[in-house]
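*Asks:* Structure of the sequence below:
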Amino acid sequence: MAKKEFDLLLYLFERVNTIVTKEELHKKFWNNSLENSRSLDMHMKALRQKVFSQTNLQLTTLLKVGYKLERKSGEI
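*Replies:* Predicted coordinates:
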């Protein structure tokens, strides 16, 4: 796992069930540079494939807003 992916994952785990905006992530990890918006998308895609497919957590994309890490519905 790339360092940036790990940092994003930790940040999301610290904010489970909270909406994390794309703007917030850009400020935190890319020094507010929105030119890296595809980079954020690619890191989130990689996290979904590497981590969330194997856990009871899901990373929900909130279009034009950001992301929310939460339990998969129907799971205890």
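*Asks:* State the three-state secondary structure for the most centrally placed residue in the chain.
*Replies:* Most central in the chain under C-alpha atoms, centre = their mean is residue 44, positioned 5.2 Å from the mean C-alpha point. With DSSP: H, G, I helix; E, B strand; the rest coil as the basis, residue 44 sits in helix.
*Asks:* is it true that it touches residue 69?
*Replies:* No: using C-beta atoms under 8 Å, residue 44 is not in contact with residue 69, being 10.6 Å away. C-beta: built from backbone N, CA, C; applies to glycine.
*Asks:* Give me the common contacts of these two.
*Replies:* Listed contacts common to residue 44 and residue 69 are residue 59; contacts here mean C-beta atoms under 8 Å, 6 or more residues apart in numbering.
*Asks:* by contact count, what packs against the helix or strand bottoming out on mean pLDDT in the chain?
*Replies:* When the helices and strands of the chain are compared on mean pLDDT, DSSP states H and E, helix 37-50 comes out lowest with a mean of 88. Here helix 37-50 touches helix 3-13, helix 22-29, strand 57-62, going by 3 or more C-beta pairs under 8 Å, 6 or more residues apart in numbering; DSSP states H and E.
*Asks:* which intervals of this structure have sub-threshold pLDDT?
*Replies:* 33-36, 74-76 (pLDDT under 70).
*Asks:* what's near enough to touch the residue nearest to the centre of the chain?
*Replies:* 8, 59, 61, 67.
*Asks:* how close does residue 42 get to residue 56?
*Replies:* Separation of residue 42 from residue 56 (C-beta to C-beta, to the nearest Å): 24 Å.
*Asks:* Pick out whichever of those two has more residues nearby.
*Replies:* A direct count of neighbours by other C-beta atoms under 10 Å for residue 42 and residue 56 places residue 42 higher, at 13 against 10.
*Asks:* Verify the contact between residue 15 and residue 69 for me.
*Replies:* Yes: Residue 15 is in contact with residue 69 according to C-beta under 8 Å; the separation is 6.9 Å.
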